[in-house]
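Enquirer: here you go, sequence then predicted model.
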Amino acid sequence: MLVICAKFPLTGRVFGFLFMAVAAALPCPAAIELLAPVDGAEVALVPEAQKKAMAPQTLAERLKLFAEDRAHGKVIRHDKYWRKAKPLVLKWRPTAGEKGPWKVEIGTSPDLSDARDWYIRVNKIDKVSGRDTGKAEKEQGQKEVSYVVPRANLEIARRYYWRVSARRRCAKFNCGPRCGCEESQHSVRSGIAAFRTEDVAPRWIEIEGDVRNIRDLGGWHTVDGRRVRQGKVFRGRALNENSVTGDAPGRNCLTVEDLHYLTRTIGIRTDLDLRSKGEVADMKESPLGPGVTFINRSSQCYVAIFSENGKKVMAENFRVFCSPANYPIYVHCIGGADRTGSLVYVMLGVLGLSRHDLETEWESTFYPNLPDANPDPKFWCRESHFNDGFGKYGNEGDSWNRRIELYLLDCGVTADEIAAFRSIMLEPR
């Protein structure tokens, strides 16, 4: 196990735990042994209940599965991770009684040069960072530490590397990094371990504020074996509430941490808001700030996307995704379900997802209550609207993807624009 000691300068700007890679002449105090996940182990991202819900190949089979689940204890429905990624749990062993606080680094580069950092308290909020970013739980008489990483938001089928560090504190004063005692000048690092995330979509995104149903459009495989790029387009609910009176925007739902993550870590450059003017009132700027391009266009869903106005708006919205300068893009309505779902269905359809994957991606918003379970065939929110609408395009034998492409062409989108969108969103063969 590789152990690196660092000596902390006593002056200068200090943020977090001030883990500086300065060689120390003093002996290393101890090793931190990483326990799991290590040695390239696969980490699951999609909850088992959702995998089970997505497995049936037809809508009728999925509706039957949920009907049986309702009749037999709602086993699937009681899964607490609906519309969330399965949590990433890290485990390590402090071999010489280190008690933290801890610093966890996770990145895709073997040297962790691109790592995101988590600073972890043990018994109270870390006074150094001023933020409670998580709690490490002691297990087995302090022989192991287990940590559920908050909002890890890992990509699909990606190799990751991680490491844990701890800074020593003198027992008398429980000192901080600016303390001049000998103990505070020492830290210990674990070695670097690797794991890989499973190759299963969707990729759920979780943030701190009250904004749910966020997921990356990337990670899916197309029928011709390509993969949709991750980190390019994110769908979800609105970043602020609807206007109450119609003359002033609703409350911003984001925290400072969310703003940093969405604008810097993910790097959102365009906020495509599909809500009506009454919902957004006089909004001129994205809740993400003035550095993000804000586009508000009142949009339609389901049957309405096949109307003349619906096709016109569909073309205008689709063109936002044809320019590389707009990416990454966050697209939403108020709940991220109907208007967003209809646009995303078309986008992923023209990229080449199978019909099964198109349906289950759309259904993921509604699990465990599929709209098509409603006995009223005229219910406004159901997959049959897509089936009837796109089914009118093309000829017998045409693929579902081709029918959706013909719909876009009928909306006024050009073949060159579709080609540009595909070049941006699909990984090379």
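Expert: Received it, and whenever you're ready, just let me know what you need.
Enquirer: tell me which residues of stretch 37-45 come out buried.
Expert: For stretch 37-45, a neighbour-count test (16 or more other Cβ atoms under 10 Å) marks 37, 38, 43, 45 as buried. All C-beta atoms are positioned from the backbone trio N, CA, C, and that covers glycine.
Enquirer: repeat that for stretch 104-113.
Expert: Quick answer for stretch 104-113 (16+ other Cβ under 10 Å): 104, 105, 106, 107, 112.
Enquirer: same list (these) but as TSV, adding pLDDT and distance to residue 84.
Expert: Formatted as TSV, the buried residues of stretch 104-113 follow (pLDDT from 0 to 100; distance: Cβ to Cβ, whole Å):
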residue	pLDDT	distance to residue 84
104	96	20
105	97	23
106	98	18
107	98	22
112	97	26
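Enquirer: from those, which land in helices?
Expert: Secondary structure from DSSP state H places none of the buried residues of stretch 104-113 in helices.
Enquirer: once you drop chain neighbours, what's closest to the spatially most central residue of the chain?
Expert: In the chain, the C-alpha nearest the mean C-alpha coordinate belongs to residue 205, at 2.1 Å (Cα atoms, centre = their mean). Spatially, and ignoring its direct neighbours in sequence, residue 205 is nearest to residue 214 (4.1 Å; Cβ to Cβ, 6 or more residues apart in numbering).
Enquirer: same check, this time on residue 354
Expert: With Cβ to Cβ, 6+ apart as the criterion, residue 354 has its nearest non-adjacent residue at 5.3 Å, and that residue is residue 223.
Enquirer: among the buried residues of stretch 104-113, name the ones in strands.
Expert: 104, 105, 106, 107 (DSSP state E).
Enquirer: and the third one, bridged to which residues?
Expert: Residue 106 has these beta-bridge partners by DSSP bridges: residue 116, residue 162.
Enquirer: report the contact partners of it.
Expert: Neighbour list for residue 106: 115, 116, 118, 149, 152, 160, 161, 162 [criterion: Cβ atoms under 8 Å, 6 or more residues apart in numbering].
Enquirer: CSV for those residues, including distance to residue 390, neighbour count and pLDDT?
Expert: Formatted as CSV, the contacts of residue 106 follow (distance: Cβ to Cβ, whole Å; neighbours: other Cβ atoms under 10 Å; pLDDT from 0 to 100):
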residue, distance to residue 390, neighbour count, pLDDT
115, 44, 18, 97
116, 40, 15, 96
118, 44, 22, 94
149, 40, 19, 94
152, 36, 20, 96
160, 38, 22, 98
161, 43, 18, 98
162, 44, 23, 98
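Enquirer: wait, isn't residue 424 in contact with residue 232?
Expert: Yes. Counting by Cβ atoms under 8 Å, residue 232 is a contact partner of residue 424 at 6.9 Å.
Enquirer: ok so, going back, Serialize the ones in strands among the buried residues of stretch 104-113 to TSV and add fields for distance to residue 350.
Expert: Converted to TSV, those look like this (distance: Cβ to Cβ, whole Å):
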residue	distance to residue 350
104	40
105	39
106	34
107	33
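Enquirer: go through those residues and say which is closest to residue 192.
Expert: residue 105 (8.7 Å; Cβ to Cβ).
Enquirer: how about that closest one: what's its closest non-neighbour residue?
Expert: The shortest distance from residue 105 to any non-neighbouring residue, by Cβ to Cβ, 6+ apart, is to residue 115 (4.0 Å).
Enquirer: need the phi and psi values for that neighbour.
Expert: phi -70, psi 150 (degrees, to the nearest 10).
Enquirer: any chance you could map the strands in the stretch 301-429 of the chain?
Expert: Applying DSSP state E, counting those that start in this stretch to the stretch 301-429 of the chain gives strands spanning 329-332.
Enquirer: isn't the residue nearest to residue 205 up against residue 233?
Expert: No. If you go by Cβ under 8 Å, residue 214 and residue 233 don't touch, sitting 11.4 Å apart.
Enquirer: give me the more crowded residue out of these two.
Expert: Applying other Cβ atoms under 10 Å to residue 214 and residue 233 shows that residue 233 carries more neighbours, namely 26 against 22.
Enquirer: report the contact partners of the closest residue to the more buried one other than its chain neighbours.
Expert: Among residues not flanking residue 233 along the chain, residue 217 sits closest, at 4.3 Å (Cβ to Cβ, 6+ apart). Residues near residue 217 by Cβ under 8 Å, 6+ apart: 228, 232, 233, 234, 235, 344, 347, 348, 425.
Enquirer: next step: these restricted to helices.
Expert: Filtering the contacts of residue 217 for helices - DSSP H - leaves 344, 347, 348, 425.
Enquirer: how much space between the first one and residue 305?
Expert: Taking Cβ to Cβ, to the nearest Å as the measure, residue 344 falls 12 Å from residue 305.
Enquirer: more neighbours, these two?
Expert: A direct count of neighbours by other Cβ under 10 Å for residue 344 and residue 305 places residue 305 higher, at 25 against 20.
Enquirer: got a pLDDT number for that one?
Expert: In this prediction, residue 305 carries a pLDDT score of 98.
Enquirer: my guess is it meets residue 311, correct?
Expert: Yes. Residue 305 is in contact with residue 311 according to Cβ under 8 Å; the separation is 7.1 Å.
Enquirer: is it true that residue 254 touches residue 237?
Expert: No. Between residue 254 and residue 237 there is no contact under Cβ under 8 Å: 11.7 Å.
Enquirer: tell me which residues touch residue 156, please.
Expert: By Cβ under 8 Å, 6+ apart, the neighbours of residue 156 are 45, 197, 198, 199, 200, 201, 203, 218, 219, 230.
Enquirer: mind running it again at 6 Å?
Expert: For residue 156, the contacting residues are 197, 201, 203, 219, by Cβ atoms under 6 Å, 6 or more residues apart in numbering.
Enquirer: which of the residues you listed fall in helices?
Expert: Using DSSP H, none of these sit in helices.
Enquirer: in TSV: these, plus neighbour count, distance to residue 371 and pLDDT.
Expert: Listed next are those as TSV, based on neighbours: other Cβ atoms under 10 Å; distance: Cβ to Cβ, whole Å; pLDDT from 0 to 100:
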residue	neighbour count	distance to residue 371	pLDDT
197	23	30	98
201	26	21	97
203	25	23	97
219	22	24	98
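Enquirer: report the two of the residues you listed separated the most.
Expert: 197 and 201, at 11.1 Å, using Cβ to Cβ across the contacts of residue 156.
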